[in-house]
Structure formats: structure tokens, C-alpha cells
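J.: Predicted structure and sequence below. I'll ask about it afterward.
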Amino acid sequence: MFGLDDTIASYSDGAGLVLVAVMGILLGLCHATDPDHLAAMTTLAANEPGARRAARLGLAWGGGHALTLFAFGLPIVLFNAFLPERLQQAAETAVGVMIVALAVWLLVRWRRGEFDTSSHSHNVRTPLQAFVVGLVHGVGGSAGVGLLLIATIESHAYAVVALALLAGFTAVSMTILTTGFGSALAQAPIARVAPALGIGGLAFGVWYALGALELAPYVF
């Protein structure tokens, strides 16, 4: 995020296993703070305010993200085999569409009055649904992760270790952040903040999808 990944990765050039492992952990922790992840996590947590509910969804989403991030990153690390450009573009577009869908559903629920204090309708998103969202999200970011690791780590064995730690700690940080959002929103007047979160997520998702399709400036 904002060049921080490159700075962390630069310390792994020619480094030993311990330093490479630390680098993978730090990259994983930072990866969850990418703008597209924050947009998805915010709307996900807003749909299910409360630390425990948000934690379950965050863990499922992070697990799905970690699984595909590792699966699609492994061929890049070992064989320099990248996803076809069209498939990568489709995955990034799908991420934007999912962010839009989460935002729209948040606005629909707000419009129905489901966040009023007298109406508490929860369990809208199941862990399985969140896991599927995470799977797609992981595909969208796999090429950049692979390039980063290949460019900074000479040993394939060390690169695989770093990739595994990056994927695992991405899931950990996503769970922590989603839990934090859910806990904060549980204490807030969710009916008042839901419109702003929904509109913000909607705008970001549309821009992200258009950027993936090269129809708008794309900075990621």
C-alpha cells in the first residue's frame, strides 16, 4: 500500500530465511490494508455489526483470499507462470463488482429499516458466502504478489515460505480488521452511518471495476 510493500520486500534481497519470513509476515499484515480490501471489509462488517459476527465473516473471507492467493501465486514463484492478462483483468473486475454488490445490499437493508434499534436482522452473509468472495478477491491480487516475491527473493524455497506466510497473515489481518470494524459499528448508530458507507463502497467498487477494464484511471 502506497509503496510500503516494495519497501518491506527490498530487505529480503539475499537475506536469510528468518528475514524472509519476517518480510512475508509484514507483507501479509500490510496486504489487508489495500484500499479494495478496506472497502470490502467495511461494507462486510456494516452488514453484520458486532465483533463476533464480523470475526466469523472476516475469517472466512480471509481464508478464501489466502487460499487462492497462495494457489495462484505458487506457479508464479516456481515457474514464472502468470495468469493470462484477460483472466487477471476479469478477476479484478469481479472484485469491483463484488464490492458494489456488498454496498448495494447494505443500502437496501438500510432502506428497509433493518438497522433500526427495533429491528435486528443478522446472519445476512454466511461464512460460506464470505469465503467465496475471498476466493475471487485472492485471484485478483495474485499476479502482483508473485511479481513482488520473484523480484526480491532469489531462492524458490524461501519464496514459497514467504508466499505461505503472506497468505496466512493476510487472513489473520483481514480477520482482525473486520472484527475491529464490526465492533466499532456495533457501538455506532449504524442506521446513520450505513448510507455513507454504502455510497462510498458503491463509488469505489464502480471505479475499481472500470479501472480494471481500463475505462478509468487505475492506480493499483
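T.: The structure has been received and is ready for your questions. Numbers count the residues shown, from 1 in each chain.
J.: Tell me the spacing between the nearest residue to residue 190 once chain neighbours are set aside and residue 53.
T.: Of all residues beyond its chain neighbours, the one nearest residue 190 is residue 115 (4.5 Å), with distances taken as CB to CB, 6 or more residues apart in numbering. Using the backbone N, CA and C atoms, a C-beta is placed for each residue, glycine as well. In this structure, residue 115 lies at 14 Å from residue 53, with CB to CB, to the nearest Å as the measure.
J.: now residue 27
T.: Counting by CB to CB, the gap from residue 27 to residue 53 is 28 Å.
J.: So the two - more neighbours on which side?
T.: residue 27 (25 against 20; other CB atoms under 10 Å).
J.: Please tell me how far residue 69 sits from residue 216.
T.: In this structure, residue 69 and residue 216 are separated by 25 Å, where distance is defined by CB to CB.
J.: So for these two, which sits in the more crowded spot?
T.: Taking residue 69 and residue 216 together and counting by other CB under 10 Å, residue 69 has the greater number of neighbours (30 against 12).
J.: Which pLDDT value belongs to the more buried one?
T.: Model confidence at residue 69, expressed as pLDDT, equals 90.
J.: doesn't residue 48 make contact with residue 183?
T.: No: under the criterion of CB atoms under 8 Å, residue 183 makes no contact with residue 48, lying 11.4 Å away.
J.: Give me the common contacts of those two.
T.: For the pair residue 183 and residue 48, residues contacting each of them under the criterion CB atoms under 8 Å, 6 or more residues apart in numbering are residue 54.
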